[in-house]
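Visitor: I'll drop the sequence and a predicted model, then ask my questions.
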Amino acid sequence: MAGVVRINRSELMRLAWMWARQEQGYTFIYNWTPGPGYGHRRAATGPEKRAVFAECLRRAWAEMKARVARLAAHAANLGELGDRSASSLRAEIRDIETRNRIGPDGWKRLSQLQAALRMCGEASEPRPLRHAKRPQQRVRIPRTPTTASAAATLRV
């Protein structure tokens, strides 16, 4: 995957605002100064909200930089797979999955290909699990004259 990984600023701000809204000090502050209002809650002032948001923005920058570093390290580990197109990766994945037997090397290669496909930004289509439970359907029993008369006798 050649190129520079960039930080999405809208995602950065979304993360910072989400963290700021979750902070207790952003909406209200407890008054711990001695006096008549001791322990009461009050609304946060503008400077207090700005300080909370500034701290959350610093944490969001650090988080995004860490994400970019992890992405770059992961892309470096992929090697030549990072430069391939998504369609060629999908074709090789399909080739491995349709084999009769997949050995340990095949499973390792399959996981590498799927990781490279995720790095391309195009995940493979989700497949249903083999042993997943199917949703049960309601079975409608048609009312016959015998069941209708039995239901009428039970109501009486």
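Guide: Looks like it arrived, so ask away.
Visitor: The longest helix anywhere in the chain packs against which elements?
Guide: Determined from DSSP state H, the single longest helix within the chain is helix 46-78. In terms of contacts (3 or more C-beta pairs under 8 Å, 6 or more residues apart in numbering; DSSP states H and E), helix 46-78 is packed against helix 9-22, helix 24-27, helix 104-119. Glycine gets a C-beta too; all of them are placed from N, C-alpha and C.
Visitor: Let me have those in a markdown table, extended by distance to Ala43 and mean pLDDT.
Guide: Output for those, formatted as a markdown table (distance: least, C-beta to C-beta, whole Å; pLDDT from 0 to 100):
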| stretch | distance to Ala43 | mean pLDDT |
| --- | --- | --- |
| helix 9-22 | 15 | 93 |
| helix 24-27 | 8 | 82 |
| helix 104-119 | 44 | 86 |
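Visitor: What residues of the longest helix of the chain count as buried?
Guide: Counting neighbours by 16 or more other C-beta atoms under 10 Å, one finds that the buried residues in helix 46-78 are 49, 52-53, 56-57, 60, 64, 75, 78.
Visitor: Pick out the most distant pair among these.
Guide: The span of the buried residues of helix 46-78, defined through C-beta to C-beta, is set by Lys49 and Leu78 at 42.7 Å.
Visitor: does Gly39 count as helix, strand or coil?
Guide: Gly39 falls in the coil class when you classify it by DSSP: H, G, I helix; E, B strand; the rest coil.
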